[in-house]
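>>> sequence and predicted structure are below.
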Amino acid sequence: MGVSLKWNRAVRAQARPRLQFGLRGLSPAQRREARWGLIFISPWLIGFTLFYLMPMIASLIFSMHDFTLSAPEDARFVGLDNWNRMLFHDSNVWEGLRITFTFGTISLLIGMISAFMLAVLLNSKHLLARNVFRTLFYAPTMVPLIAAIVIWQRVLNPQTGWLNKIIELFGIDAVGVNGLRWLDDPNLVYFAYTFIGLWGIGNAVLINLAGLQGVPTELYEAAEIDGAGWGRRLWKITIPMVSPIIFYNLILNVLGLLQYFIVPWVLNQGNGYPEGTTRFYMVYFYKQAFTFQNMGYGAALAWLLFIVALLITLILFTTGRSWVYYSSEER
Amino acid sequence: MAKSPEKPLSSYQIARKRRNLLIQAGITLLALVVLSIYTMPLGYGVMTSLKTKDQASDPQGPVLPSEAVQYEYEGEMYDVVYVPTDAGLQQWALIKPTRRVSQFIDINNPDAGIIEWEGNWRALEPVFETSFKWGNYKEAWETIEFLKLLKNTFIYAFVTMIGTLVASALVAYGFARFKFPFRNTLFIVMISTIILPPAVTLVPTYAFFVQVLDWGGTWLPLIVPQMFGNAYNVFLLRQYFMTIPRELDDAAKIDGAGPMRTFLSVILPQAVPALTAVALFHFFFAWNDFFGPLIYLAGSRDLRPITVGLTEFNGLYRTEPQLILAAATISMILPLTIFFIAQRVFIQGIVITGVDK
């Protein structure tokens, strides 16, 4: 293309310095590239501004207002009143967090260990028809969550459900009114919810599996020559080698569990049954924000959840440095 | 291991082979057992969905969908039970139960007339025959108005799938192929939106959609935000676009193609597997979406998707487990079918997002 054209473009660029923010000091070709890049990512830039950045700021502002959606004209600035109430005067908040953490810990441990062991099983070179097994083990993850909850609700029924009948086959008294009342017994309900969650571990299994396949076989051969048994190889080679993947699963799981909502909602409309053990934090948030339409207090609750999530993520990343092994990292 | 001399080697090999076979059988068996327990609820759901209402809630009922056998005698229907006799267990119809001596008819030999039998008839086991109540599916389909739910879910899934696919592909192309200021920062910001709990943005977004735009009770608040691409999809597509050789772009450039043209005629055709994976992920996401429809479509019965419809159905029809389970089974047929057909693309997509980081 001609020199004059190029020059023209340069002049135009100088005439609109604000639009060219950050593009100064680039050659015209680089500038053109940058412009195209920004054009292509503009949908995300717009979406991010409209649905992330602005709502986040708005949410913070909301949290300092007394604002009910049914009476928006009565909205007024209350400073940190909502925060004060949330942190120091509302026992539901801490109860919700405690319940979420208790259940989260149980569910996280069982879920992650199951996903890892299942991946080890599906990666075993001794397993016949491996691909068939992989597909079948993933299938329950494809069952829509609501359908899964509805089915599990009845599988866990103490009288008619199959789970207790199967347990009974092993000689344990499970069926009946005095049996294992999974969803009604405060001591069992978190395990029951965890079982429902186990139908969602498919993605974690697949990612673990990919990680296991990436472990160099020489390591195992060397260990075998040194006389290391299966358990030792698992502990000393496999787990360290796939620790980045375990870490990734851990982060995703923790973030998901902090926002645990759908299962208690579908099972008992968030009424906390049995004995208030299922009053999860998000259930309380939902009630404040959408049942009572308390936008100000709801926003404060949401921000607290965000802060907690951020803190946990930070802690995990900090401690992760000591146990997550990145083979490409130079130390 | 290869230090044994030639002759004992073969016997060693045989032993090794046998041992391997044993391990193989053991591990495969273990996988089978775990799989059956893991997928047992599916079997339970399908079985119970084919039972009668009574059978579905009968703790003693048989595993397979069954019905108590009845026998017609002189225009009346009677229950058939197993009666222990000298000639072994017989199937007799219970005509007249009394406490000590009851009257029966042998259903295989009704001409023999009334047989009297001494013993407590209450201790007798009823005779069942398998019988699948396919009608439950029809009833569930009609009661829950499945066609309407299906239509709503489909429209929602399809429209947002197209939207997010177009937007995510454009954004991914921008991040994969162009240098611009703050590219890495913006990319990290985008990825970190994954850890942001949706609750934080939800309250003002909800207030804005419902109060300012008056979009409550419509699909718009659910559809519009998905027209701008999302972090997971962009990430997956970017990773894939980066594996497409740049020489292809350059060749197109020499032929005079601009960035948009290159995107449409070089990048997109090369990235069909990744695009399919994203489309599938989104489809499943939309099929499962619950929270959004729950808050925005509250009260608009005609607009509900399957998830919300099924939840309500579950609450209202507690006493009809067979219908609820039939509805649940219907709702999972499509996702499972698509998964079994497209599993390869699907699984690769999950692995790319999970492992590459």
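Everything's here; your move.

>>> which regions of the stretch 1-150 of chain B sit below the pLDDT cut-off?
Within the stretch 1-150 of chain B, the stretches with pLDDT under 70 are B:1-9.

>>> and it, which residues reach chain A?
Taking Cβ under 8 Å from any Cβ of the partner chain as the criterion, the stretch 1-150 of chain B approaches chain A at residues B:20, B:23-24, B:26-28, B:30-31, B:34-35, B:37-45, B:48, B:56-59, B:61. The way it works is simple: take the backbone N, C-alpha and C, and place the C-beta from them, glycine included.

>>> go again with 10 Å.
B:1, B:20-32, B:34-49, B:55-61, B:63 (Cβ under 10 Å from any Cβ of the partner chain).

>>> are any of those buried, and if so which?
Listed as buried from the residues of the stretch 1-150 of chain B next to chain A are B:27-28, B:31, B:34-35, B:38-39, B:41-42, B:44-45, B:47-49, B:55-57, B:61; burial here means 16 or more other Cβ atoms under 10 Å in any protein chain shown.

>>> of these, which belong to helices?
Of those, the ones assigned to helices by DSSP state H are B:27-28, B:31, B:34-35, B:38-39, B:41-42, B:44-45, B:47-49, B:55-56.

>>> give me the residue from chain B nearest chain A.
Going by Cβ to the nearest Cβ, chain A is nearest to B:Phe228 of chain B, at 2.4 Å.

>>> contacting residues for that residue?
A:42-52, B:163-164, B:167-168, B:170-171 (Cβ atoms under 10 Å, 6 or more residues apart in numbering or on different chains).

>>> how about B:Ala231?
Shown in contact with B:Ala231 (Cβ under 10 Å, 6+ apart): A:44, A:48, A:52, B:168, B:171, B:187, B:189-196.

>>> how about a cut-off of 8 Å?
For B:Ala231, the contact set (Cβ atoms under 8 Å, 6 or more residues apart in numbering or on different chains) comprises B:190-191, B:193-194.

>>> just say helix, strand or coil for B:Gln91.
With DSSP: H, G, I helix; E, B strand; the rest coil as the basis, B:Gln91 sits in strand.

>>> can you count the residues close to it?
15 (other Cβ atoms under 10 Å in any protein chain shown).

>>> can you tell me how far it is from A:Gly211?
Taking Cβ to Cβ, to the nearest Å as the measure, B:Gln91 falls 58 Å from A:Gly211.

>>> got it, and B:Leu264?
From B:Leu264 to A:Gly211 the distance is 36 Å (Cβ to Cβ).

>>> the two: which has the busier surroundings?
A:Gly211 (24 against 13).

>>> for that one, phi and psi?
phi -60, psi -40 (degrees, to the nearest 10).

>>> OK, contacts around it?
With Cβ under 8 Å, 6+ apart, A:Gly211 has these contacts: A:119, A:241-242, A:244-246, B:355.

>>> let's see 6 Å
A:242, A:245 (Cβ atoms under 6 Å, 6 or more residues apart in numbering or on different chains).

>>> about what we covered before: among the ones in helices among the buried ones among the residues of the stretch 1-150 of chain B next to chain A, which two are most distant?
B:Ile27 and B:Gln55 (37.7 Å; Cβ to Cβ).

>>> burial of the nearest residue to A:Gly179 once chain neighbours are set aside, as a residue count?
Once flanking residues are discounted, A:Gly179 sits nearest to A:Pro158: 4.9 Å by Cβ to Cβ, 6 or more residues apart in numbering or on different chains. A:Pro158 has 21 neighbours, counted by other Cβ under 10 Å.

>>> quick one: secondary structure of A:Pro158?
A:Pro158 carries the three-state label coil when classified by three-state DSSP.
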